[in-house]
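Trainee: Next one to model:
(2 chains)
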There are 2 protein chains.
Amino acid sequence: MSSPTAAVLLIGNELLSGRTADANLNYIARRMTDIGIKLAECRVIRDDVDTIADNVNDLRAKHTYVFTTGGIGPTHDDITMESIAKAFGVRVERYDEVAEAFTKHYAALNKPTTAATFKMADFPAGAELIHNSATHAPGAKMENVYIFAGIPNIMQAMLEAVIPTLTQGDTIYTHSIDAFISESQAAEALENVQNDFSSLDIGSYPFKEGERFGTSLVTRGTNQKDVDKSFSAIKTFLEGLGAEVRG
Amino acid sequence: MSSPTAAVLLIGNELLSGRTADANLNYIARRMTDIGIKLAECRVIRDDVDTIADNVNDLRAKHTYVFTTGGIGPTHDDITMESIAKAFGVRVERYDEVAEAFTKHYAALNKPTTAATFKMADFPAGAELIHNSATHAPGAKMENVYIFAGIPNIMQAMLEAVIPTLTQGDTIYTHSIDAFISESQAAEALENVQNDFSSLDIGSYPFKEGERFGTSLVTRGTNQKDVDKSFSAIKTFLEGLGAEVRG
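Mentor: Predicted structure coming up:
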(Lines give C-alpha, C1' and ligand atoms only; values in the text may rest on other atoms or scores of the structure.)
Protein backbone atom coordinates (compact mmCIF):
# COMPACT_ATOMS: atom_id res chain seq x y z
CA MET A 1 0.00 0.00 0.00
CA SER A 2 1.41 3.35 -1.00
CA SER A 3 -0.05 6.63 0.18
CA PRO A 4 1.36 9.55 -1.79
CA THR A 5 0.10 13.00 -0.86
CA ALA A 6 -0.04 16.22 -2.84
CA ALA A 7 -0.44 19.93 -2.25
CA VAL A 8 -1.62 22.63 -4.63
CA LEU A 9 -0.24 26.18 -4.62
CA LEU A 10 -2.37 28.65 -6.57
CA ILE A 11 -0.33 31.78 -7.30
CA GLY A 12 -1.82 35.12 -8.30
CA ASN A 13 -3.03 38.43 -6.90
CA GLU A 14 -6.06 38.16 -9.19
CA LEU A 15 -7.36 35.16 -7.22
CA LEU A 16 -7.21 37.14 -3.96
CA SER A 17 -8.58 40.41 -5.34
CA GLY A 18 -11.58 38.50 -6.70
CA ARG A 19 -10.87 39.46 -10.31
CA THR A 20 -10.52 35.79 -11.24
CA ALA A 21 -12.32 32.75 -9.83
CA ASP A 22 -9.96 29.78 -9.64
CA ALA A 23 -10.91 26.80 -11.77
CA ASN A 24 -7.77 24.74 -11.26
CA LEU A 25 -8.08 23.34 -7.74
CA ASN A 26 -11.19 21.33 -8.49
CA TYR A 27 -9.69 19.83 -11.66
CA ILE A 28 -6.47 18.83 -9.91
CA ALA A 29 -8.43 17.48 -6.93
CA ARG A 30 -10.58 15.23 -9.12
CA ARG A 31 -7.59 13.92 -11.05
CA MET A 32 -5.68 13.17 -7.84
CA THR A 33 -8.66 11.21 -6.53
CA ASP A 34 -8.77 9.31 -9.84
CA ILE A 35 -5.20 8.10 -9.35
CA GLY A 36 -5.26 7.49 -5.61
CA ILE A 37 -3.15 10.46 -4.55
CA LYS A 38 -4.47 12.20 -1.45
CA LEU A 39 -4.66 15.95 -1.95
CA ALA A 40 -3.82 17.15 1.54
CA GLU A 41 -3.99 20.91 1.24
CA CYS A 42 -4.13 23.89 -1.07
CA ARG A 43 -2.92 27.44 -0.59
CA VAL A 44 -3.72 30.57 -2.57
CA ILE A 45 -0.99 33.21 -2.37
CA ARG A 46 0.03 36.56 -3.83
CA ASP A 47 2.65 37.32 -6.48
CA ASP A 48 5.57 37.88 -4.11
CA VAL A 49 8.92 36.14 -4.50
CA ASP A 50 9.53 35.33 -0.85
CA THR A 51 5.94 34.28 -0.23
CA ILE A 52 6.09 31.89 -3.17
CA ALA A 53 9.54 30.54 -2.23
CA ASP A 54 8.61 30.01 1.42
CA ASN A 55 5.39 28.20 0.60
CA VAL A 56 7.08 25.99 -2.00
CA ASN A 57 9.77 25.00 0.49
CA ASP A 58 7.25 24.29 3.21
CA LEU A 59 4.98 22.19 0.98
CA ARG A 60 7.68 20.24 -0.87
CA ALA A 61 9.09 19.03 2.45
CA LYS A 62 5.65 17.80 3.58
CA HIS A 63 4.18 16.19 0.48
CA THR A 64 5.07 13.72 -2.24
CA TYR A 65 4.06 16.21 -4.93
CA VAL A 66 3.49 19.95 -5.13
CA PHE A 67 1.62 21.48 -8.06
CA THR A 68 1.79 25.22 -8.61
CA THR A 69 -0.41 27.18 -11.00
CA GLY A 70 0.04 30.69 -12.36
CA GLY A 71 2.71 33.31 -12.87
CA ILE A 72 4.68 31.73 -15.72
CA GLY A 73 3.85 34.16 -18.53
CA PRO A 74 5.94 36.93 -20.13
CA THR A 75 5.01 39.96 -18.01
CA HIS A 76 6.61 41.60 -14.97
CA ASP A 77 4.10 40.05 -12.59
CA ASP A 78 4.99 36.52 -13.76
CA ILE A 79 7.55 35.67 -11.10
CA THR A 80 6.90 32.02 -10.33
CA MET A 81 10.03 30.69 -12.07
CA GLU A 82 12.41 33.07 -10.29
CA SER A 83 10.63 32.43 -6.99
CA ILE A 84 10.96 28.67 -7.30
CA ALA A 85 14.59 29.04 -8.36
CA LYS A 86 15.06 30.97 -5.12
CA ALA A 87 13.33 28.23 -3.15
CA PHE A 88 15.84 25.72 -4.54
CA GLY A 89 18.82 28.06 -4.24
CA VAL A 90 19.54 28.05 -7.99
CA ARG A 91 19.53 30.65 -10.75
CA VAL A 92 17.04 31.07 -13.53
CA GLU A 93 18.64 30.19 -16.85
CA ARG A 94 17.69 30.49 -20.50
CA TYR A 95 16.80 27.14 -22.10
CA ASP A 96 18.09 27.54 -25.64
CA GLU A 97 15.94 24.79 -27.15
CA VAL A 98 12.81 26.55 -25.90
CA ALA A 99 14.00 29.94 -27.14
CA GLU A 100 14.71 28.45 -30.58
CA ALA A 101 11.29 26.86 -30.68
CA PHE A 102 9.71 30.26 -29.93
CA THR A 103 11.73 31.91 -32.71
CA LYS A 104 10.60 29.27 -35.23
CA HIS A 105 7.01 29.30 -34.03
CA TYR A 106 6.60 33.07 -34.26
CA ALA A 107 8.41 33.19 -37.62
CA ALA A 108 6.01 30.59 -38.98
CA LEU A 109 3.08 32.73 -37.79
CA ASN A 110 4.78 35.85 -39.17
CA LYS A 111 4.45 37.44 -35.73
CA PRO A 112 7.10 39.45 -33.88
CA THR A 113 8.87 38.13 -30.81
CA THR A 114 9.89 40.48 -28.01
CA ALA A 115 12.34 40.24 -25.14
CA ALA A 116 9.30 39.33 -23.04
CA THR A 117 8.51 36.33 -25.24
CA PHE A 118 11.84 34.79 -24.30
CA LYS A 119 11.17 35.21 -20.58
CA MET A 120 9.07 32.08 -21.07
CA ALA A 121 12.29 30.25 -22.03
CA ASP A 122 13.80 30.93 -18.59
CA PHE A 123 13.58 28.16 -15.97
CA PRO A 124 15.21 27.32 -12.65
CA ALA A 125 18.59 25.74 -13.45
CA GLY A 126 18.20 21.99 -13.56
CA ALA A 127 14.45 22.00 -14.16
CA GLU A 128 12.95 19.37 -16.44
CA LEU A 129 10.53 20.76 -18.98
CA ILE A 130 6.87 19.78 -19.10
CA HIS A 131 5.94 19.71 -22.76
CA ASN A 132 2.22 19.64 -23.34
CA SER A 133 -0.46 19.57 -25.97
CA ALA A 134 -1.92 23.04 -25.35
CA THR A 135 0.99 25.42 -25.82
CA HIS A 136 4.56 25.63 -27.04
CA ALA A 137 5.56 27.29 -23.73
CA PRO A 138 6.49 24.42 -21.41
CA GLY A 139 5.93 24.05 -17.70
CA ALA A 140 8.74 22.81 -15.48
CA LYS A 141 9.53 20.25 -12.78
CA MET A 142 12.04 20.81 -10.00
CA GLU A 143 12.36 17.61 -7.95
CA ASN A 144 8.81 17.07 -6.62
CA VAL A 145 7.52 20.52 -7.57
CA TYR A 146 5.51 20.82 -10.79
CA ILE A 147 5.16 24.33 -12.20
CA PHE A 148 2.03 24.76 -14.31
CA ALA A 149 0.34 27.64 -16.11
CA GLY A 150 -2.68 29.34 -14.56
CA ILE A 151 -4.88 29.27 -17.66
CA PRO A 152 -7.12 26.24 -17.13
CA ASN A 153 -6.77 24.48 -20.49
CA ILE A 154 -2.98 24.86 -20.40
CA MET A 155 -2.79 23.78 -16.76
CA GLN A 156 -4.85 20.72 -17.59
CA ALA A 157 -2.60 19.78 -20.52
CA MET A 158 0.48 20.09 -18.31
CA LEU A 159 -1.07 18.02 -15.53
CA GLU A 160 -2.16 15.32 -17.97
CA ALA A 161 1.37 15.27 -19.40
CA VAL A 162 2.85 14.44 -16.00
CA ILE A 163 0.16 12.15 -14.55
CA PRO A 164 1.61 9.01 -16.21
CA THR A 165 4.91 9.72 -14.42
CA LEU A 166 3.41 10.04 -10.91
CA THR A 167 3.42 7.26 -8.34
CA GLN A 168 -0.23 6.38 -8.10
CA GLY A 169 -1.78 5.40 -4.79
CA ASP A 170 -4.36 2.76 -4.01
CA THR A 171 -7.57 3.17 -5.97
CA ILE A 172 -10.10 5.29 -4.12
CA TYR A 173 -13.62 3.84 -4.26
CA THR A 174 -16.65 6.00 -3.66
CA HIS A 175 -20.43 5.68 -3.53
CA SER A 176 -22.90 8.50 -3.17
CA ILE A 177 -26.67 8.68 -2.67
CA ASP A 178 -29.01 11.65 -2.47
CA ALA A 179 -31.80 11.48 0.12
CA PHE A 180 -34.59 13.99 0.64
CA ILE A 181 -34.05 14.29 4.38
CA SER A 182 -32.18 16.83 6.49
CA GLU A 183 -28.63 16.30 7.65
CA SER A 184 -29.90 16.28 11.24
CA GLN A 185 -32.16 13.32 10.52
CA ALA A 186 -29.27 11.35 9.01
CA ALA A 187 -26.60 12.40 11.49
CA GLU A 188 -26.84 9.74 14.19
CA ALA A 189 -27.09 6.76 11.84
CA LEU A 190 -24.33 8.16 9.64
CA GLU A 191 -22.04 8.57 12.62
CA ASN A 192 -22.66 4.94 13.55
CA VAL A 193 -21.59 3.90 10.05
CA GLN A 194 -18.47 6.05 10.34
CA ASN A 195 -17.67 4.39 13.69
CA ASP A 196 -18.10 0.93 12.14
CA PHE A 197 -15.78 1.82 9.24
CA SER A 198 -13.25 4.14 10.79
CA SER A 199 -10.79 3.92 7.88
CA LEU A 200 -13.34 5.39 5.47
CA ASP A 201 -14.08 9.01 4.76
CA ILE A 202 -17.86 9.32 5.24
CA GLY A 203 -19.48 12.68 4.66
CA SER A 204 -22.84 14.38 4.26
CA TYR A 205 -23.55 17.43 2.12
CA PRO A 206 -26.85 19.29 2.13
CA PHE A 207 -28.35 20.36 -1.19
CA LYS A 208 -31.38 22.31 -2.35
CA GLU A 209 -33.29 21.50 -5.49
CA GLY A 210 -36.02 23.96 -6.27
CA GLU A 211 -37.88 24.18 -2.97
CA ARG A 212 -36.80 20.74 -1.74
CA PHE A 213 -33.92 20.16 0.65
CA GLY A 214 -31.88 17.00 0.74
CA THR A 215 -28.59 15.51 1.82
CA SER A 216 -25.95 13.72 -0.25
CA LEU A 217 -24.35 10.87 1.68
CA VAL A 218 -20.91 9.86 0.49
CA THR A 219 -18.56 7.05 1.45
CA ARG A 220 -15.01 6.93 0.15
CA GLY A 221 -11.94 4.83 0.80
CA THR A 222 -9.36 2.41 -0.55
CA ASN A 223 -10.92 -0.79 0.84
CA GLN A 224 -13.53 -1.62 -1.77
CA LYS A 225 -15.36 -4.19 0.40
CA ASP A 226 -15.68 -1.73 3.27
CA VAL A 227 -16.84 1.02 0.91
CA ASP A 228 -19.53 -1.35 -0.44
CA LYS A 229 -20.55 -2.51 3.04
CA SER A 230 -20.73 1.01 4.44
CA PHE A 231 -22.85 2.06 1.48
CA SER A 232 -25.24 -0.83 2.15
CA ALA A 233 -25.46 0.31 5.76
CA ILE A 234 -26.28 3.85 4.62
CA LYS A 235 -28.99 2.61 2.26
CA THR A 236 -30.42 0.42 5.01
CA PHE A 237 -30.81 3.27 7.48
CA LEU A 238 -32.27 5.51 4.78
CA GLU A 239 -34.91 2.82 4.15
CA GLY A 240 -35.53 2.66 7.88
CA LEU A 241 -36.11 6.42 7.91
CA GLY A 242 -38.50 6.10 4.98
CA ALA A 243 -36.38 8.58 3.05
CA GLU A 244 -36.98 9.19 -0.64
CA VAL A 245 -33.66 8.62 -2.39
CA ARG A 246 -32.05 8.71 -5.82
CA GLY A 247 -28.67 7.85 -7.29
CA MET B 1 -4.25 55.16 6.26
CA SER B 2 -5.29 51.81 7.59
CA SER B 3 -4.31 48.57 5.94
CA PRO B 4 -6.23 45.67 7.40
CA THR B 5 -5.51 42.23 5.98
CA ALA B 6 -7.58 39.07 5.90
CA ALA B 7 -7.14 35.35 5.36
CA VAL B 8 -9.67 32.75 4.26
CA LEU B 9 -9.66 29.18 5.55
CA LEU B 10 -11.83 26.81 3.49
CA ILE B 11 -12.51 23.66 5.50
CA GLY B 12 -13.70 20.39 3.99
CA ASN B 13 -12.48 17.08 2.59
CA GLU B 14 -14.96 17.50 -0.26
CA LEU B 15 -12.99 20.47 -1.62
CA LEU B 16 -9.79 18.40 -1.73
CA SER B 17 -11.36 15.22 -3.11
CA GLY B 18 -12.87 17.25 -5.93
CA ARG B 19 -16.44 16.36 -5.01
CA THR B 20 -17.25 20.04 -4.52
CA ALA B 21 -15.86 23.09 -6.31
CA ASP B 22 -15.43 25.98 -3.90
CA ALA B 23 -17.54 29.05 -4.61
CA ASN B 24 -16.75 31.02 -1.47
CA LEU B 25 -13.22 32.31 -1.97
CA ASN B 26 -14.12 34.45 -4.97
CA TYR B 27 -17.14 35.97 -3.22
CA ILE B 28 -15.15 36.84 -0.11
CA ALA B 29 -12.27 38.17 -2.23
CA ARG B 30 -14.54 40.52 -4.15
CA ARG B 31 -16.22 41.81 -1.01
CA MET B 32 -12.87 42.42 0.70
CA THR B 33 -11.72 44.44 -2.33
CA ASP B 34 -14.97 46.42 -2.14
CA ILE B 35 -14.20 47.52 1.40
CA GLY B 36 -10.45 48.01 1.10
CA ILE B 37 -9.34 44.97 3.05
CA LYS B 38 -6.38 43.18 1.49
CA LEU B 39 -7.00 39.45 1.23
CA ALA B 40 -3.50 38.15 1.80
CA GLU B 41 -3.92 34.39 1.54
CA CYS B 42 -6.32 31.47 1.48
CA ARG B 43 -5.86 27.88 2.58
CA VAL B 44 -7.99 24.84 1.83
CA ILE B 45 -7.68 22.11 4.46
CA ARG B 46 -9.16 18.79 5.49
CA ASP B 47 -11.65 18.02 8.27
CA ASP B 48 -9.11 17.31 10.99
CA VAL B 49 -9.22 18.95 14.43
CA ASP B 50 -5.51 19.63 14.80
CA THR B 51 -5.10 20.79 11.20
CA ILE B 52 -7.96 23.26 11.62
CA ALA B 53 -6.75 24.48 15.03
CA ASP B 54 -3.15 24.92 13.87
CA ASN B 55 -4.14 26.85 10.76
CA VAL B 56 -6.55 29.07 12.68
CA ASN B 57 -3.86 29.92 15.22
CA ASP B 58 -1.31 30.63 12.53
CA LEU B 59 -3.61 32.85 10.48
CA ARG B 60 -5.23 34.77 13.34
CA ALA B 61 -1.79 35.86 14.55
CA LYS B 62 -0.86 37.14 11.09
CA HIS B 63 -4.00 38.89 9.88
CA THR B 64 -6.58 41.41 11.03
CA TYR B 65 -9.40 39.02 10.12
CA VAL B 66 -9.74 35.30 9.47
CA PHE B 67 -12.84 33.91 7.76
CA THR B 68 -13.49 30.18 7.88
CA THR B 69 -16.07 28.35 5.79
CA GLY B 70 -17.50 24.87 6.23
CA GLY B 71 -17.89 22.20 8.87
CA ILE B 72 -20.56 23.79 11.06
CA GLY B 73 -23.48 21.45 10.37
CA PRO B 74 -25.02 18.69 12.49
CA THR B 75 -23.05 15.62 11.33
CA HIS B 76 -19.98 13.85 12.69
CA ASP B 77 -17.71 15.42 10.06
CA ASP B 78 -18.73 18.95 11.12
CA ILE B 79 -15.88 19.65 13.51
CA THR B 80 -15.05 23.30 12.90
CA MET B 81 -16.56 24.58 16.18
CA GLU B 82 -14.68 22.09 18.36
CA SER B 83 -11.48 22.70 16.38
CA ILE B 84 -11.66 26.45 16.83
CA ALA B 85 -12.48 25.99 20.51
CA LYS B 86 -9.29 23.96 20.73
CA ALA B 87 -7.34 26.70 18.93
CA PHE B 88 -8.49 29.18 21.59
CA GLY B 89 -8.07 26.75 24.50
CA VAL B 90 -11.74 26.84 25.45
CA ARG B 91 -14.58 24.30 25.55
CA VAL B 92 -17.53 24.04 23.26
CA GLU B 93 -20.70 24.95 25.10
CA ARG B 94 -24.42 24.78 24.39
CA TYR B 95 -25.98 28.19 23.71
CA ASP B 96 -29.44 27.84 25.24
CA GLU B 97 -31.00 30.69 23.28
CA VAL B 98 -30.01 29.00 20.01
CA ALA B 99 -31.27 25.61 21.19
CA GLU B 100 -34.59 27.16 22.18
CA ALA B 101 -34.89 28.86 18.81
CA PHE B 102 -34.34 25.48 17.11
CA THR B 103 -37.01 23.86 19.27
CA LYS B 104 -39.53 26.57 18.40
CA HIS B 105 -38.58 26.64 14.73
CA TYR B 106 -38.96 22.88 14.27
CA ALA B 107 -42.18 22.80 16.31
CA ALA B 108 -43.63 25.51 14.07
CA LEU B 109 -42.72 23.41 11.03
CA ASN B 110 -44.05 20.30 12.73
CA LYS B 111 -40.69 18.61 12.10
CA PRO B 112 -38.74 16.48 14.57
CA THR B 113 -35.51 17.66 16.14
CA THR B 114 -32.72 15.20 16.87
CA ALA B 115 -29.68 15.31 19.13
CA ALA B 116 -27.76 16.26 15.98
CA THR B 117 -29.93 19.34 15.42
CA PHE B 118 -28.72 20.75 18.71
CA LYS B 119 -25.08 20.25 17.80
CA MET B 120 -25.61 23.46 15.81
CA ALA B 121 -26.31 25.22 19.13
CA ASP B 122 -22.79 24.42 20.38
CA PHE B 123 -20.12 27.10 20.05
CA PRO B 124 -16.68 27.83 21.47
CA ALA B 125 -17.19 29.32 24.94
CA GLY B 126 -17.22 33.09 24.67
CA ALA B 127 -18.07 33.19 20.97
CA GLU B 128 -20.36 35.92 19.70
CA LEU B 129 -23.10 34.66 17.43
CA ILE B 130 -23.44 35.74 13.81
CA HIS B 131 -27.16 35.94 13.14
CA ASN B 132 -27.98 36.15 9.47
CA SER B 133 -30.79 36.34 6.97
CA ALA B 134 -30.37 32.91 5.38
CA THR B 135 -30.70 30.45 8.25
CA HIS B 136 -31.68 30.20 11.89
CA ALA B 137 -28.36 28.42 12.63
CA PRO B 138 -25.88 31.20 13.47
CA GLY B 139 -22.21 31.46 12.67
CA ALA B 140 -19.79 32.57 15.34
CA LYS B 141 -16.98 35.03 16.01
CA MET B 142 -14.03 34.33 18.30
CA GLU B 143 -11.89 37.46 18.58
CA ASN B 144 -10.78 38.07 14.96
CA VAL B 145 -11.93 34.68 13.64
CA TYR B 146 -15.28 34.53 11.85
CA ILE B 147 -16.81 31.07 11.50
CA PHE B 148 -19.13 30.79 8.50
CA ALA B 149 -21.13 28.00 6.87
CA GLY B 150 -19.84 26.35 3.71
CA ILE B 151 -23.09 26.57 1.72
CA PRO B 152 -22.61 29.66 -0.45
CA ASN B 153 -25.89 31.49 0.17
CA ILE B 154 -25.56 31.00 3.94
CA MET B 155 -21.88 31.97 3.89
CA GLN B 156 -22.76 35.13 1.98
CA ALA B 157 -25.50 36.08 4.44
CA MET B 158 -23.10 35.61 7.36
CA LEU B 159 -20.37 37.66 5.69
CA GLU B 160 -22.81 40.44 4.84
CA ALA B 161 -24.00 40.43 8.45
CA VAL B 162 -20.48 41.13 9.73
CA ILE B 163 -19.14 43.45 7.01
CA PRO B 164 -20.62 46.59 8.65
CA THR B 165 -18.63 45.74 11.80
CA LEU B 166 -15.25 45.36 10.05
CA THR B 167 -12.60 48.07 9.96
CA GLN B 168 -12.56 49.06 6.33
CA GLY B 169 -9.33 49.99 4.58
CA ASP B 170 -8.66 52.66 2.02
CA THR B 171 -10.86 52.39 -1.05
CA ILE B 172 -9.23 50.29 -3.76
CA TYR B 173 -9.58 51.85 -7.22
CA THR B 174 -9.24 49.75 -10.33
CA HIS B 175 -9.37 50.17 -14.10
CA SER B 176 -9.25 47.42 -16.68
CA ILE B 177 -9.02 47.32 -20.46
CA ASP B 178 -9.06 44.41 -22.90
CA ALA B 179 -6.65 44.59 -25.84
CA PHE B 180 -6.40 42.16 -28.74
CA ILE B 181 -2.63 41.75 -28.46
CA SER B 182 -0.48 39.11 -26.82
CA GLU B 183 0.93 39.51 -23.32
CA SER B 184 4.42 39.47 -24.84
CA GLN B 185 3.63 42.53 -26.96
CA ALA B 186 2.38 44.44 -23.93
CA ALA B 187 5.01 43.24 -21.48
CA GLU B 188 7.75 45.84 -21.81
CA ALA B 189 5.48 48.88 -21.84
CA LEU B 190 3.44 47.47 -18.97
CA GLU B 191 6.55 46.91 -16.89
CA ASN B 192 7.53 50.55 -17.48
CA VAL B 193 4.14 51.63 -16.14
CA GLN B 194 4.58 49.38 -13.11
CA ASN B 195 8.01 50.92 -12.49
CA ASP B 196 6.53 54.44 -12.72
CA PHE B 197 3.77 53.56 -10.24
CA SER B 198 5.42 51.13 -7.89
CA SER B 199 2.71 51.34 -5.22
CA LEU B 200 0.08 50.03 -7.64
CA ASP B 201 -0.77 46.44 -8.44
CA ILE B 202 -0.57 46.23 -12.24
CA GLY B 203 -1.33 42.93 -13.91
CA SER B 204 -2.01 41.34 -17.28
CA TYR B 205 -4.28 38.37 -17.90
CA PRO B 206 -4.55 36.61 -21.24
CA PHE B 207 -7.98 35.68 -22.55
CA LYS B 208 -9.39 33.84 -25.52
CA GLU B 209 -12.64 34.78 -27.19
CA GLY B 210 -13.65 32.40 -29.93
CA GLU B 211 -10.50 32.15 -32.02
CA ARG B 212 -9.10 35.53 -30.94
CA PHE B 213 -6.51 35.97 -28.22
CA GLY B 214 -6.19 39.07 -26.10
CA THR B 215 -4.86 40.45 -22.86
CA SER B 216 -6.69 42.20 -20.05
CA LEU B 217 -4.58 44.95 -18.50
CA VAL B 218 -5.51 45.89 -14.96
CA THR B 219 -4.32 48.61 -12.61
CA ARG B 220 -5.36 48.67 -8.98
CA GLY B 221 -4.43 50.67 -5.90
CA THR B 222 -5.53 53.04 -3.17
CA ASN B 223 -4.18 56.25 -4.75
CA GLN B 224 -6.93 57.24 -7.16
CA LYS B 225 -4.83 59.78 -9.04
CA ASP B 226 -2.06 57.27 -9.63
CA VAL B 227 -4.56 54.62 -10.70
CA ASP B 228 -6.03 57.09 -13.22
CA LYS B 229 -2.60 58.19 -14.45
CA SER B 230 -1.31 54.64 -14.83
CA PHE B 231 -4.43 53.73 -16.76
CA SER B 232 -3.86 56.67 -19.12
CA ALA B 233 -0.30 55.44 -19.62
CA ILE B 234 -1.60 51.96 -20.43
CA LYS B 235 -4.10 53.34 -22.95
CA THR B 236 -1.39 55.49 -24.51
CA PHE B 237 0.96 52.60 -25.13
CA LEU B 238 -1.88 50.47 -26.47
CA GLU B 239 -2.64 53.23 -29.00
CA GLY B 240 1.05 53.33 -29.86
CA LEU B 241 0.95 49.59 -30.54
CA GLY B 242 -2.14 50.04 -32.69
CA ALA B 243 -3.99 47.54 -30.53
CA GLU B 244 -7.70 47.06 -30.90
CA VAL B 245 -9.21 47.59 -27.44
CA ARG B 246 -12.50 47.52 -25.59
CA GLY B 247 -13.72 48.30 -22.08
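Trainee: buried set for stretch A:121-140?
Mentor: By neighbour count with 16 or more other Cβ atoms under 10 Å in any protein chain shown, stretch A:121-140 contains the buried residues A:Ala121, A:Asp122, A:Phe123, A:Pro124, A:Ala127, A:Ile130, A:Asn132, A:Ala134, A:Ala137, A:Pro138, A:Gly139, A:Ala140. (C-beta placed from N, C-alpha, C; glycine too.)
Trainee: Farthest pair within those?
Mentor: A:Pro124 and A:Ala134 (21.6 Å; Cβ to Cβ).
Trainee: State the distance from A:Gln156 to A:His105.
Mentor: Going from A:Gln156 to A:His105 by Cβ to Cβ, to the nearest Å gives 21 Å.
Trainee: And these two? Which one has more around it.
Mentor: Between A:Gln156 and A:His105, counting by other Cβ atoms under 10 Å in any protein chain shown, A:Gln156 is the more crowded of the two (20 against 14).
Trainee: Show me how chain A divides into domains.
Mentor: With automatic domain parsing as the criterion, the domains of chain A are listed as A:5-165, A:173-246.
Trainee: what's A:Arg46 in contact with, if anything?
Mentor: A:Ile11, A:Gly12, A:Asn13, A:Leu16, B:Ala40, B:Glu41 (Cβ atoms under 8 Å, 6 or more residues apart in numbering or on different chains).
Trainee: helix or strand right after whichever strand or helix holds A:Ala140?
Mentor: Assigning secondary structure by DSSP states H and E places A:Ala140 in strand A:139-142. Next helix or strand after strand A:139-142 toward the C-terminus (DSSP H and E): strand A:145-148.
Trainee: Please, where are all the helices along chain A?
Mentor: A:13-17, A:24-34, A:49-62, A:80-88, A:96-109, A:115-119, A:152-162, A:183-196, A:224-240 (DSSP state H).
Trainee: For B:Tyr65, which of the ones you listed is the nearest?
Mentor: Using Cβ to Cβ, the helices of chain A put helix A:13-17 closest to B:Tyr65, at 13.6 Å.
Trainee: Give me the distance from the closest one to the chain's centre.
Mentor: 18 Å (Cα atoms, centre = their mean, to the nearest Å).
Trainee: Give me the pLDDT for the residue sitting nearest the centre point of chain A.
Mentor: The centroid of chain A falls nearest to A:Ile28 when counting by Cα atoms, centre = their mean (2.7 Å). If you check A:Ile28, the pLDDT there is 98.
Trainee: wait, what's in contact with the nearest residue to it once chain neighbours are set aside?
Mentor: Closest residue to A:Ile28 apart from its sequence neighbours, by Cβ to Cβ, 6 or more residues apart in numbering or on different chains: A:Val8 at 5.4 Å. Counting by Cβ under 8 Å, 6+ apart, A:Val8 touches A:24-25, A:28-29, A:39, A:41-43, A:66-69, B:44.
Trainee: Apply 10 Å and report the result again.
Mentor: A:22, A:24-25, A:28-29, A:32, A:39-44, A:59, A:63, A:65-69, A:146, A:148, B:16, B:44 (Cβ atoms under 10 Å, 6 or more residues apart in numbering or on different chains).
Trainee: Over to A:Leu39?
Mentor: Contacts of A:Leu39 by Cβ under 10 Å, 6+ apart are A:5-8, A:25, A:28-33, A:63, A:65, A:67, B:13, B:15-18, B:44, B:46.
Trainee: Low-confidence regions, chain A specifically.
Mentor: A:1-2 (pLDDT under 70).
Trainee: again, only using 80
Mentor: Scanning chain A for pLDDT under 80 picks out A:1-2, A:247.
Trainee: picking that back up, list the contacts for the residue nearest to the centre of chain A?
Mentor: A:6, A:8, A:10, A:37, A:39, A:42, A:67, A:69, A:148, A:155-156, A:159, B:16, B:18.
Trainee: Out of those, the closest to A:Ile202 would be?
Mentor: Nearest member of these to A:Ile202, counting by Cβ to Cβ, is B:Leu16, at 15.4 Å.
Trainee: Leaving out sequence neighbours, find the closest residue to the closest one.
Mentor: A:Leu39 (4.4 Å).
Trainee: does that neighbour have beta-bridge partners, and which?
Mentor: Counting by DSSP bridges, A:Leu39 forms beta bridges with A:Ala6.
Trainee: now do A:Ser204
Mentor: Going by DSSP bridges, A:Ser204 forms beta bridges with A:Leu217.
Trainee: ok, back up a step: kindly reformat the contacts of A:Arg46 as JSON lines containing distance to A:Asp170.
Mentor: Listed next are those as JSON lines, based on distance: Cβ to Cβ, whole Å:
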{"residue": "A:Ile11", "distance to A:Asp170": "30"}
{"residue": "A:Gly12", "distance to A:Asp170": "33"}
{"residue": "A:Asn13", "distance to A:Asp170": "38"}
{"residue": "A:Leu16", "distance to A:Asp170": "35"}
{"residue": "B:Ala40", "distance to A:Asp170": "37"}
{"residue": "B:Glu41", "distance to A:Asp170": "32"}
